[in-house]
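Asker: just coords:
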């Protein structure tokens, strides 16, 4: 938040539908567009990948998953890393 305080966005009523309740052992923050707006990618063993973003109203959206931005799949690994997330074409 702008005042430097921690805010648990998933505890807010408008975001509770996205709280998956599984351990997010692997987490990476990425700025996909290079404009200073970070999203959080999560991976949990045998679970769908998620890529969470927050709009200006504090509403969380999950941009990961099939048919969205290409951040999809079910992982068997225990790690995730941020890197240049771009492709040509």
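Answerer: Good, I have the coordinates. Predicted model only: the values in this text are computed from it and were never measured.

Asker: where do the helices of the protein begin and end?
Answerer: If you assign secondary structure with DSSP state H, the chain ends up with no helices.

Asker: below-threshold pLDDT in it: ranges please.
Answerer: In the prediction, the chain carries residues with pLDDT under 70 at positions 1-2, 20-24, 77, 82-89.

Asker: I'd like the distance between residue 53 and residue 69.
Answerer: As for residue 53, its distance to residue 69 is 10 Å (criterion: C-beta to C-beta, to the nearest Å). Bear in mind the C-beta positions are built from the backbone N, C-alpha and C, glycine included.

Asker: overlap in contacts of the two?
Answerer: In terms of C-beta atoms under 8 Å, 6 or more residues apart in numbering, residue 53 and residue 69 are both contacted by the residues residue 63.

Asker: which one's more surrounded, the two?
Answerer: In terms of neighbours (other C-beta atoms under 10 Å), residue 53 is the more surrounded of residue 53 and residue 69; the figures are 17 against 13.

Asker: and the more buried one, bridged to which residues?
Answerer: For residue 53, the residues forming beta bridges with it (DSSP bridges) are residue 61.

Asker: residue contacts, it?
Answerer: With C-beta under 8 Å, 6+ apart as the criterion, the residues that contact residue 53 are 37, 39-40, 60-61, 63.

Asker: state the distance from it to residue 4.
Answerer: With distances defined as C-beta to C-beta, the gap from residue 53 to residue 4 amounts to 21 Å.

Asker: do residue 17 as well
Answerer: Counting by C-beta to C-beta, the gap from residue 17 to residue 4 is 28 Å.

Asker: what about the closest residue to residue 37 other than its chain neighbours, distance to residue 39?
Answerer: Setting aside the residues directly before and after it, residue 37 is nearest to residue 31 in space (C-beta to C-beta, 6 or more residues apart in numbering), at 6.5 Å. Look at residue 31 and residue 39: by C-beta to C-beta, they are 8 Å apart.

Asker: which one of these two has more residues nearby?
Answerer: Set side by side, residue 31 and residue 39 give different neighbour counts by other C-beta under 10 Å, the larger being at residue 39 (23 against 12).
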